[in-house]
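**Q** Sequence and predicted structure below; questions after.
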Amino acid sequence: MKIVGIAGTMNVDSSTKKVLQIVLESAKVEGADVELIHLAEWPLPLYDARNDTSTYPEIVHQFVKKVAEADALVIGSPEYHGTITGALKNSFDFLEGRFLHGKPAAIIGVAGGGMGATNTVNTLQLILRNLHAYPLPGSPTVANSYKAFKEDNTLYDERLQDRFVNLGKELVWMTKQLKQDK
């Protein structure tokens, strides 16, 4: 089972990336093969709806291939101005519904402020459903992310840490269930 995580941030030392790593590590412990795509390291061009998609740079084709080959996804974004980042939205624009059809997806929102990232989670739910994925019902968020992590990149809030660990386990379980049904 292959699970791909997409950290929808251009921040190199991203809290979103740290949370995705918690979820992916949990999935790995459950037996999944995991990979993290941190958009800060993937210079995707601006999507321009060209008719001939073969003319996009190779990195676009690599991104689409990795998502298409994944059995499940973990998608995380910081909340910028009340929604997901432009980088993450741009990456989704390269994807067609057939690439995500029937795939479970764990959703994560991260906020620098104290209110959490509810809008980001809701937006990701809408986008992923429109791309024919199955978003998991639990979508934990991190508030005050700038002070949420210990030096070892685990969360100070142990209950929240456990929620992200359980999200990885739940994603593996759901992926196995859907594969059995096919």
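**A** Great, that's in hand.

**Q** contacts and neighbour counts: CA atoms only from here.
**A** Fine.

**Q** Need the contact partners of whichever strand or helix holds residue 65.
**A** Element membership of residue 65, judged by DSSP states H and E, is helix 58-69. Residues outside helix 58-69 that contact it (C-alpha atoms under 8 Å, 6 or more residues apart in numbering) are 2, 4, 42, 43, 44, 45, 73, 94, 95, 99, 100.

**Q** so how many other residues sit close to the last one?
**A** Residue crowding around residue 100 was assessed by other C-alpha atoms under 10 Å; the count is 24.

**Q** next one: the first one
**A** Other residues within reach of residue 2 by the criterion other C-alpha under 10 Å amount to 19.

**Q** now it: how far from residue 159?
**A** 27 Å (C-alpha to C-alpha, to the nearest Å).

**Q** likewise the second one?
**A** Applying C-alpha to C-alpha, one obtains 24 Å for the distance of residue 4 from residue 159.

**Q** What helix or strand is the residue nearest to the spatial centre of the chain located in?
**A** With distances taken as C-alpha atoms, centre = their mean, residue 75 lies nearest the centre of the chain, 1.1 Å away. Residue 75 is part of strand 72-78 when elements are defined by DSSP H and E.

**Q** Buried residues, the top helix by length along the chain. List them.
**A** As assigned by DSSP state H, the longest helix anywhere in the chain is helix 158-181. By neighbour count with 16 or more other C-alpha atoms under 10 Å, helix 158-181 contains the buried residues 160-161, 163-172, 174-175.

**Q** okay, the angle between it and strand 72-78?
**A** On the basis of axes from the mean of the first three to the mean of the last three C-alpha atoms, to 10 degrees, helix 158-181 is oriented at 150 degrees to strand 72-78.

**Q** what packs against helix 158-181?
**A** Using 3 or more C-alpha pairs under 8 Å, 6 or more residues apart in numbering; DSSP states H and E, the elements in contact with helix 158-181 are helix 15-29, strand 104-110.

**Q** Cool, thanks, signing off.
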